[in-house]
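Engineer: give me a 3D structure for the following:
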Amino acid sequence: MSSRRPLGLPVTIAVIMIVLLIAMIIGWVIITVFAAKEDPNSAPFYFTFLPIGATFLAAILAGVVFYMILSIKAINLNQRQANFIDSVTHELKSPIASLKLYLQTLNRRSIPPEKVGGFYETMLEDVERLDHLINHLLEAGRLDRRRDDAEEGEVRLDKVLAGCAQSVTLLYRMPPETVRVKTVPCTVQGLHGDIEIIFRNLIDNAVKYSGKDPEVRVQLRVKYNDEAVVEVTDNGPGIPISQRRKIFGRFVRLGLELQRETPGTGLGLYLVRTLVRRMRGEVRVKDSPKGTGTMFVVTLPGAKTLVEARASDHSTEPTDTSDR
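Structural biologist: Here you go, the predicted structure:
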């Protein structure tokens, strides 16, 4: 297991240093002014060095504060990376151990035919779980790759949402009505793969964290200012207000890593926020309007309803002028 560095000691040392530096600045000012009054002939000398010394000490104080902020960020990142390693290790070991056990059983024992089908089904679920994890890691790794705007195009957002809902219910072997989708035909400008990652992660999270009987609603509407608004609502326990900004950080998962029952890497919502910002959009977290649960609201600019998109296509079609 990865080591975790506590924040208490570096913060305490930094606070002590800051207090000492503030005391030194105040002391320097008092001593210099007092010395200037005691010796009027040397007052110009003291008043010349007063701002120089104060500025020097203030610069050291600023450096200590800056170093403290960087240290806290580095330690927090270290802790999140340690959580990520724990999570990925657990996610890799569990399905591999399960596959190994079933394969050994099939190889060494005579299994009734009616049970063999169940074994293969469980092994397929383990393989899908591994495939899901590896895809997640690859998607996170591709975030830093430089994109070419020419790769972007108009994407049918309503079809992407329907496809994501279908793939998530198939993944978890749930009836299609688990995720109810209500959309209007519209397009947005972007990469199809990026948009699919955004909403597949949100719908996947909504199903995972909704408990035993998930009910997920996905609603798409286009506002008067050509913004597409997608709301993904679940019936889970909800997210505390104090944690809502934190959940979009890289490697962040709420609670203790080894005590969680829900699989994950802490990268899903980081991918969502990064890709939404890349599309100049916004993602927010709210309480579900009905009962318990969470609502993720994604706003994407430059949306066109299907009628507008078709009109735009017609206006850009080349005109035949050969007979003129």
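Engineer: can we go C-alpha only for contacts and neighbour counts from here?
Structural biologist: Will do.
Engineer: could you pull out the helices for the stretch 101-250 of the chain?
Structural biologist: Assigned by DSSP state H, counting those that start in this stretch, the stretch 101-250 of the chain shows helices spanning 113-142, 157-171, 192-208.
Engineer: pLDDT wise, what is Arg273 at?
Structural biologist: If you check Arg273, the pLDDT there is 90.
Engineer: any idea what Val230 is bridged to?
Structural biologist: Taking DSSP bridges as the rule, Val230 bridges to Leu220, Val298.
Engineer: test my guess that it contacts Arg217.
Structural biologist: No - in this structure, Val230 is not within contact of Arg217 by C-alpha atoms under 8 Å, at 10.2 Å.
Engineer: for the stretch 201-324 of the chain, give me the ranges with low pLDDT.
Structural biologist: Scanning the stretch 201-324 of the chain for pLDDT under 70 picks out 251-265, 308-324.
Engineer: circling back: turn the helices of the stretch 101-250 of the chain into TSV, columns for mean neighbour count.
Structural biologist: Shown next, in TSV, are those (neighbours: other C-alpha atoms under 10 Å):
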stretch	mean neighbour count
helix 113-142	14
helix 157-171	19
helix 192-208	20
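Engineer: closest one to Phe47 among those?
Structural biologist: Judged by C-alpha to C-alpha, the one of the helices of the stretch 101-250 of the chain that comes nearest to Phe47 is helix 113-142, at 57.3 Å.
Engineer: to the chain's geometric centre, what's the distance from that closest one?
Structural biologist: Offset of helix 113-142 from its chain centre (C-alpha atoms, centre = their mean, to the nearest Å): 23 Å.
Engineer: how about stretch 230-245?
Structural biologist: Using C-alpha atoms, centre = their mean, the offset of stretch 230-245 from its chain centre is 13 Å.
Engineer: please identify the buried residues of it?
Structural biologist: Val230, Glu231, Val232, Thr233, Asp234, Asn235, Gly236, Gly238, Ile239 (16 or more other C-alpha atoms under 10 Å).
Engineer: which residues does the residue lying closest to the fifth one once chain neighbours are set aside contact?
Structural biologist: Just to be clear, that refers to Asp234. Distances taken as C-alpha to C-alpha, 6 or more residues apart in numbering put Val216 closest to Asp234, at 4.6 Å, once the chain neighbours are dropped. Counting by C-alpha atoms under 8 Å, 6 or more residues apart in numbering, Val216 touches Thr178, Val179, Arg180, Ile203, Ala206, Val207, Val232, Thr233, Asp234, Asn235.
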